[in-house]
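Chemist: fold the following and give me the result.
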Amino acid sequence: MDENKEDKRKGLWYKLWDHRSLKEKQRLRSLIPYILYGFAVFY
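Modeler: The predicted model follows:
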């Protein structure tokens with residue numbers, strides 16, 4: 001059962017992230033600090 005959960009999680013990760021192109025990954029990754037900063041300020 002645990003292995004099945006692991007597979008589902010990998011599938012979700014793949015859907016959200018792995019299929020994206022390298023350029024898109026870099027663009028999204030560069031946004032993360034801004035998102036965290038904005039959240040910190042908002043919080």
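Chemist: any regions of this protein where pLDDT drops low?
Modeler: Low-confidence segments of the chain, defined by pLDDT under 70: 1-4.
Chemist: pull the longest helix from it.
Modeler: Residue-count comparison of every helix in the chain, with assignments taken from DSSP state H, identifies helix 22-42 as the longest.
Chemist: mind giving me the packing neighbours of that one?
Modeler: With contacts defined as 3 or more CB pairs under 8 Å, 6 or more residues apart in numbering; DSSP states H and E, helix 22-42 has no helix or strand neighbours. Placement of C-beta: from N, CA and C, glycine included.
Chemist: starting at the chain centroid, how far to stretch 29-39?
Modeler: The chain centroid and the centroid of stretch 29-39 are separated by 12 Å, computed with CA atoms, centre = their mean, to the nearest Å.
Chemist: need the residue closest to the centroid of the chain.
Modeler: The chain has residue 17 as the residue nearest its centroid, 5.7 Å off, counting by CA atoms, centre = their mean.
Chemist: so who does that residue touch?
Modeler: residue 25 (CB atoms under 8 Å, 6 or more residues apart in numbering).
Chemist: using the three-state scheme, assign it.
Modeler: Using DSSP: H, G, I helix; E, B strand; the rest coil, the three-state assignment for residue 17 comes out as helix.
Chemist: how close does it get to residue 35?
Modeler: Using CB to CB, to the nearest Å, one obtains 15 Å as the distance from residue 17 to residue 35.
Chemist: now what about stretch 18-35, what contacts it?
Modeler: Stretch 18-35 is contacted from outside by residue 17, using CB under 8 Å, 6+ apart.
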